[in-house]
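Trainee: take a look and give me a structure for this.
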Amino acid sequence: MPTASPKERLRVVIRGAVQGVGFRPFVYRLAKEMALPGWVSNSPQGVFLEVEGEEETLHAFLLRLEQERPPRASIQSLEYSFLPLHGFTEFEIRKSDGAGERTALVLPDIATCPECLREVFDPANRRYLYPFTNCTNCGPRFSILQALPYDRPNTTMARFPMCEACRHEYQNPEDRRFHAQPNACPTCGPRLELWDGHGTTLSSNHAALRAAALAIRRGEIVAVKGLGGFHLVVDARDDYAVRRLRTRKEREEKPLALMAPSLAWIEGRCEISPLEERLLLSPESPIVLLRRRPEAESDGVAPSVAPGNPDLGVMLPYTPLHHILLRELGIPVVATSGNLSDEPICTDERDALERLSDIADCFLVHDRPIARHVDDSVARVLLGRELVLRRARGYAPLPVHVLRPLPQLLAVGAHLKNAIAVSSGSQVFVSQHIGDLETVHAFAAFHRVVDDFHRLYELTPVKVAADAHPDYLSTRDAQRRGLPLVSVQHHYAHVLSCMAENGLDGPVLGVSWDGTGYGSDQTIWGGEFLRVTDAGWTRTAHLRTFRLPGGEQAIKEPRRAAIGLLYELFGDETFARDELAPVASFAVRERTILQQALVRRLNSPLTSSAGRLFDAVAALIGLRLTTRFEGQAAMELEWAIQGVHTDEAYPFRLEPGDGPLIVDWAPLVQEVLSDLGTGMANSLMAARFHNALAEMVVAVARHAGEAQVALSGGCFQNRYLTERTVRRLTAEGFSPYWHQRIPPNDGGIALGQILAAARSKE
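Mentor: You can find the predicted model right below:
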């Protein structure tokens, strides 16, 4: 008769996204099935467990831990050791341990799972039409968490004592809601109310939701408190209602996001690849930029939702509240951030009543507090991968894993599209999107997020990294923190961000193209080619510079960028060229002022910016002379290419010198002017321009001789430019890298700043 192998005690420490995903009940069920006594517990570092059994069974248990983990769990490390027997008699889930360093991952908010959705629309279920239904596989996480470990007393759900039925689910390891921290039902959980503009309650619970739906159908603007803040919601078919929302929100032309009633509705109006469909239905559930179907011209969407835009930004309902509201309506709605332009999203109903009272006609609110603002994320599919353009709900604050352990650092990001970052060990935690630091409210939100991350992860940074621009509010804040300050050049941070996301070591040729960045020569950079090594960076090449008459005003008026570009080539002759749209758009007196500013170099800074080159060309060919939102001219230049397939590219020159290589766009501009004279279609000129930019990257890569090429900066949000550049680099034998889950725009700057600070000897 075979002798049983001796029993041992197995201790396991699991780090990663293992809290709030049903990991402990999974371990409990697995241990019970395998007849292994012991315990499992949450801690600020992850999940700790011990089991006892025969060695062969324990090894099988370890394999199944990784292979059968819950769908939303992510294991970063699994450390185990064998110890002497303790003598456990049963398996238990122990109370969480709150001591020690905070290294457990905080999960993002997760879209409603299919099981919960079925319950919400099952008349026989006790959660029928309950808008706060959730389980361990879905629901709020980051937006309700107040401290680690992730347990109910550390969330904003602590104020809602569970009823007997919910408590039974919560305490039953066999139940899907075992230790689901936001667990609730109509008896014990949060409730809805509909308020008028004075905060008077008009109706409650499901009646409030139905009344809100009726208001939307009447063309009213309803402020809806969701998961991470308020949405402003109107009927997306009603052009008058949408224009009214734009006027009140002070958002003139920037595209508005849609929430669609179903995937079928989207498929009828947009082209959707399998990856785009997966993204729409994913637990992250971002706003996805989709190409409209050409045949769906009359697509039931008001023209003012996305004027002139061949794309729609569309999301599906991602909370039970949104699912119920959209099922009640059966129509698409505009669901845009509940704020005024340049302000952070509102999270508190009283604050919303004050800040949104001039926008919203009524307020659909609830009494579950939101611990921190979390906007909707925005993504598109590019080269068969997702590219996150705004990183918030569903993505933040999951970390980026870097190649080497880092000290505890703080990075305060850029001025526009701000996000901050902190590091601990080999993880960099990048915050949710904060926005442009243009207003008192936005700067206050920035401070809240910095304080929040310090508290959540109990960090004591040894350095703070900031943009080299001395006038950025984020930089000034960093200077006041009393920590060693590392000043990081903007475009270097962009390249390091792309390298970190792709796990790259140097040397790398970084192509960093955007609108504005403070250069080390005190001019405005933005068309940069940087060679990055482990020792630092050098400016290998850049676009030819030109002046921006009016400085900041030129960002809002592409015609000014065009004037500066023309003046660089033709001097004073520029102002007599009435046949050119940018020149003709200025009165004679205005031209004189512009000319004097350029001659005297008054408020006419030099720039190498690729973003401003986009603006200038868009103005030259008559697409956009003034803008209503950031990047509008460049976007319209990309949109103009629709339906054109050509490899033709405008010419350019590489001009070597004592310093960096100069990429001279003069031949390009001359050809654009020639094509204008022949009446060439804007679409073909736009395609030739984009193709030329891709060829510039290839030409500099050949000159630099670096195999790895990292593409970063706001210009690489442009789908055509990025795809063309990557394909050309690949064809020429280079290894191109681009962003995926960290935005290429300034939302990714903080990640690069962390890496720069870690490299710095300051």
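Trainee: pLDDT below threshold where in the chain?
Mentor: 1-5, 98-104, 296-298, 762 (pLDDT under 70).
Trainee: outline the domain layout of it.
Mentor: The chain breaks down into these domains under automatic domain parsing: 7-93, 192-378, 541-737.
Trainee: how about Leu389, secondary structure?
Mentor: strand (DSSP: H, G, I helix; E, B strand; the rest coil).
Trainee: contacting residues for it?
Mentor: 289, 378-380, 717, 743-745, 747 (CB atoms under 8 Å, 6 or more residues apart in numbering). C-betas here are computed from N, CA, C, even on glycine.
Trainee: closest to Ser760 among those residues?
Mentor: Gly747 (22.3 Å; CB to CB).
Trainee: I'd say the closest one and Tyr395 touch.
Mentor: No. Gly747 is not in contact with Tyr395 according to CB atoms under 8 Å; the separation is 10.7 Å.
Trainee: any figure for the gap between the residue lying closest to Ala73 once chain neighbours are set aside and Ala419?
Mentor: Distances taken as CB to CB, 6 or more residues apart in numbering place Val21 nearest to Ala73, at 4.5 Å, with adjacent residues excluded. Counting by CB to CB, to the nearest Å, the gap from Val21 to Ala419 is 24 Å.
Trainee: of those two, which one has the most company?
Mentor: The neighbour comparison of Val21 against Ala419 (other CB atoms under 10 Å) goes to Ala419, with 29 against 24.
Trainee: now that one: phi and psi?
Mentor: The phi/psi pair for Ala419 (degrees, to the nearest 10) reads phi -140, psi 150.
Trainee: which ones are touching it?
Mentor: Ala419 neighbours (CB under 8 Å, 6+ apart): 391, 396, 413, 430-434, 747-750.
Trainee: now swap in Val234 and tell me
Mentor: Here Val234 is in contact with 216, 219-222, 241-242, 244-245, 333-334 (CB under 8 Å, 6+ apart).
Trainee: let's see that with 10 Å instead.
Mentor: 215-216, 219-222, 240-246, 256, 302, 305, 333-336, 360-361 (CB atoms under 10 Å, 6 or more residues apart in numbering).
Trainee: next one: Ala616
Mentor: 546, 548, 554, 558-566, 568, 582, 609, 633, 665, 669, 672.
Trainee: again, but for Val663
Mentor: 527, 529, 541-544, 608, 610, 652-655, 693, 696-697, 699-700, 703.
Trainee: of the contacts of Val234, grab the buried ones for ChimeraX.
Mentor: Selecting only the buried entries of the contacts of Val234 in ChimeraX, with 16 or more other CB atoms under 10 Å as the criterion:
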select :215,216,220,221,222,241,242,243,244,245,246,256,302,305,333,334,335,336,360,361
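Trainee: out of the contacts of Val234, which are inside helices?
Mentor: 215-216, 240-246 (DSSP state H).
Trainee: Ala694 is in contact with Phe716, isn't it?
Mentor: No. With contacts defined as CB atoms under 10 Å, Ala694 does not count as touching Phe716, sitting 11.2 Å away.
Trainee: more neighbours: which of those two?
Mentor: Shown here are Ala694 and Phe716; by other CB under 10 Å, Phe716 has more neighbours (27 against 20).
Trainee: touching, that one and Gly510? I think so.
Mentor: No. If you go by CB under 10 Å, Phe716 and Gly510 don't touch, sitting 11.3 Å apart.
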